[in-house]
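1. Pasting the sequence and the predicted coordinates here, then a few questions.
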Amino acid sequence: MTELLSTRHAVMIVGAGPTGLMLGGELALAGIDVAIVERRVSQDLIGSRAGGLHARTIEVLDQRGLADRFLAQGQVAQIAGFAWIRLDISDFPSRHPYGLALQQNQIERILADWVDEMEVPIYRGREVTDISQDETGVDVALADGCSLRAEYLVGCDGGRSAIRKSAGIDFPGWDPTISCLLAEIETAKEPQWGLRRDDRGIHGLSRLENGTVRVMVTERHVGQTAEPTLRDLSEALIAVYGTDYGIHNPTSISRFTDMTRQASSYRSGRVLLAGDAAHVHPPMGGQGLQIGVQDAVNLGWKLAQVMNGTSPETLLDTYHSERHPVAARVLHNTMAQTALLRHDDRIEALREVVSGLLGMDEPRKRVAAMMSGLDVRYDLGEGHPLLGRRMPDLDLVTARGPLRVFGLLHDARPVLLNFGEPIGLDIAPWRDRVQTIDARCAATWELPVIGAVAAPDAALVRPDGHVAWVGDRTRSGLADALTTWFGPPAAA
């Protein structure tokens, strides 16, 4: 159990999974006093979780100068898919037109190392039992009798989130219709390798690098709440394969379902939710970890600006308005994928139709952009196609030498890029918050699905990499955008 270094912090994060770690790093970049509370005694995970990173998540990590750490340990591959129908994104306009096969255990360790470099304390072996908030902060009760206090609390503590429940935030959605067991185990007999679908559901057996066998098998019945046992796994395998292959010595056995729910609000006063605490859905398409990390990158700079007094508290409302629709779309597409993975003659006919459509260029690009997260657009109003979308990672020619757009975001500071005449943009009242770069770019400006777009005269890029304002020679609306996202102008 990690010693409590302080019982008070500006921001407390509950949960040291990928979402909580990413958020801790984002806040630390802004100089916020942040700590993470984690019930696990170490960063080790037992069993299988997420198995990789999609293109937009790799881009987000690249924006912080972290992508190479992950690329060095994973395997680049085309991993985007819809209901097991593979989708190639190698022709997408991105520096990372691929996914990365990498286990969540490794993903978490890399993020934990980054957070440790920034000296963010992680209080391990601590379980939160209750919270209460008032006008100035949140009190956090721990199972060992200790208590903590923070000005803001963020629940990144998974689908069964104690923070969400304690805050009284509703979690509406759909109850499970299927239940699957996932295990890492040894077998006495050679299994039938590979994936299969039948009238019971989806199943698969594969060999891991350490020689053990990963098993996924759909159970006959839904609704069991007890921890799954070796006997449960044996019975499920026999029902599907006619044998349990002599399973023994399990490393882990867990259960997942297609339960699909989303928090009605991502914020209740000084309590916020991110990752699985805010949304749960079937694992089809491997989108859960991705949108959790991206939740953190959307929230981090906003919460930091509120904590620093740069922006009013109302900026936090944009976290819900921007991220809630993104997760709602994931819930929608995972339910569709679950339906397509069922097995009967009619579903097979439908799969053939969908597979044929996804073999066409335009449908492939649309669905692949959704699954990889490269098409996310926040509703910032009408205007240039860039507005609200991710800024392309362009190669820039500047007075400081060649630069990449993502390189300018490593410190999570916004940047105003001027592509017109280097006459300087009048942002003096925001100069302490926003960096300005005069640049030229010879490349074609291209967005996933949309294709080539007109190069703007200027673009205001938020710390999360999304474009907050696109300018022409009039610079109309720039002051309003700066005020909206980066606080009122400083006094002269």
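-> Looks like it arrived, so ask away. It should be emphasised that the depicted structure is a prediction, and the values quoted were computed from it without experimental measurement.
2. the bottom helix or strand of the chain by mean pLDDT?
-> Least confident helix or strand of the chain, by mean pLDDT, DSSP states H and E, is strand 194-198 with a mean of 88.
3. In whichever helix or strand comes after that strand, which residues are buried?
-> Later in the chain than strand 194-198, the nearest helix or strand by DSSP states H and E is strand 201-207. Buried residues in strand 201-207, counted by 16 or more other CB atoms under 10 Å: 201-205. Every residue, glycine included, has its C-beta placed from N, CA and C.
4. all helices in the stretch 151-300 of the chain, in order from the N-terminus.
-> Assigned by DSSP state H, counting those that start in this stretch, the stretch 151-300 of the chain shows helices spanning 162-167, 230-241, 288-307.
5. most packed of those helices?
-> helix 288-307 (a mean of 25; mean count of other CB atoms under 10 Å).
6. Next secondary structure after that one?
-> Counting by DSSP H and E, the element after helix 288-307 in chain order, helix or strand, is helix 317-340.
7. quick one on the thing from earlier: dump the helices of the stretch 151-300 of the chain to TSV, plus mean pLDDT.
-> Compiled in TSV, the helices of the stretch 151-300 of the chain are given as follows (pLDDT from 0 to 100):
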stretch	mean pLDDT
helix 162-167	97
helix 230-241	94
helix 288-307	98
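8. Can you lay out those as a markdown table showing distance to Arg475?
-> Shown next, in a markdown table, are the helices of the stretch 151-300 of the chain (distance: least, CB to CB, whole Å):
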| stretch | distance to Arg475 |
| --- | --- |
| helix 162-167 | 42 |
| helix 230-241 | 64 |
| helix 288-307 | 23 |
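9. ok, what's across the strand from Arg404?
-> Beta-bridge pairing of Arg404 under DSSP bridges involves Asp395.
10. now it: how far from Leu29?
-> 18 Å (CB to CB, to the nearest Å).
11. out of these two, which sits in the busier spot?
-> Higher neighbour count among Arg404 and Leu29: Leu29, with 18 against 15, using other CB atoms under 10 Å.
12. Hmm, Asp411 and the more buried one touching each other?
-> Yes. Here Leu29 reaches Asp411: they are 6.1 Å apart, a contact under CB atoms under 8 Å.
13. Burial check on Ala490, number of neighbours?
-> By other CB under 10 Å, the residues close to Ala490 number 12.
14. which ones are touching it?
-> Residues in contact with Ala490 (CB atoms under 8 Å, 6 or more residues apart in numbering) are 429-430, 432.
15. got it, and Thr444?
-> Contacts of Thr444 (CB under 8 Å, 6+ apart): Ala452.
16. secondary structure class for it?
-> What DSSP: H, G, I helix; E, B strand; the rest coil gives for Thr444 is coil.
17. Can you tell me how far it is from Ala455?
-> Distance from Thr444 to Ala455, by CB to CB: 8 Å.
18. Please apply the same query to Pro363.
-> According to CB to CB, Pro363 and Ala455 sit 28 Å apart.
19. now do Lys302
-> 29 Å.
20. of all the helices of the stretch 151-300 of the chain, which lies closest to Gln43?
-> Of all the helices of the stretch 151-300 of the chain, helix 288-307 sits nearest to Gln43, with 15.1 Å by CB to CB.
21. how big is the angle separating the closest one from helix 317-340?
-> Taking axes from the mean of the first three to the mean of the last three CA atoms, to 10 degrees, one finds helix 288-307 and helix 317-340 inclined to each other by 170 degrees.
22. C-alpha coordinates for helix 288-307, CSV please?
-> Taking Å, rounded to 0.1, in the frame of the first residue of the first chain, the C-alpha atoms of helix 288-307 are listed here in CSV:
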residue,chain,number,x,y,z
GLY,A,288,-13.3,1.4,-25.5
LEU,A,289,-9.7,2.1,-24.5
GLN,A,290,-9.4,4.6,-27.5
ILE,A,291,-12.3,6.8,-26.6
GLY,A,292,-11.3,6.7,-22.9
VAL,A,293,-7.8,8.1,-23.7
GLN,A,294,-9.4,10.6,-26.0
ASP,A,295,-11.9,11.6,-23.2
ALA,A,296,-8.8,12.3,-21.1
VAL,A,297,-7.2,14.5,-23.7
ASN,A,298,-10.4,16.5,-24.2
LEU,A,299,-10.9,17.0,-20.5
GLY,A,300,-7.3,17.6,-19.3
TRP,A,301,-6.6,21.0,-20.7
LYS,A,302,-10.1,22.3,-20.0
LEU,A,303,-9.9,21.2,-16.3
ALA,A,304,-6.4,22.7,-16.1
GLN,A,305,-7.5,26.0,-17.4
VAL,A,306,-10.4,26.1,-14.9
MET,A,307,-8.0,25.2,-12.1
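23. Which neighbouring elements make contact with it?
-> With contacts defined as 3 or more CB pairs under 8 Å, 6 or more residues apart in numbering; DSSP states H and E, the packing partners of helix 288-307 are strand 8-14, helix 18-29, helix 55-63, strand 147-155, strand 279-280, helix 317-340.
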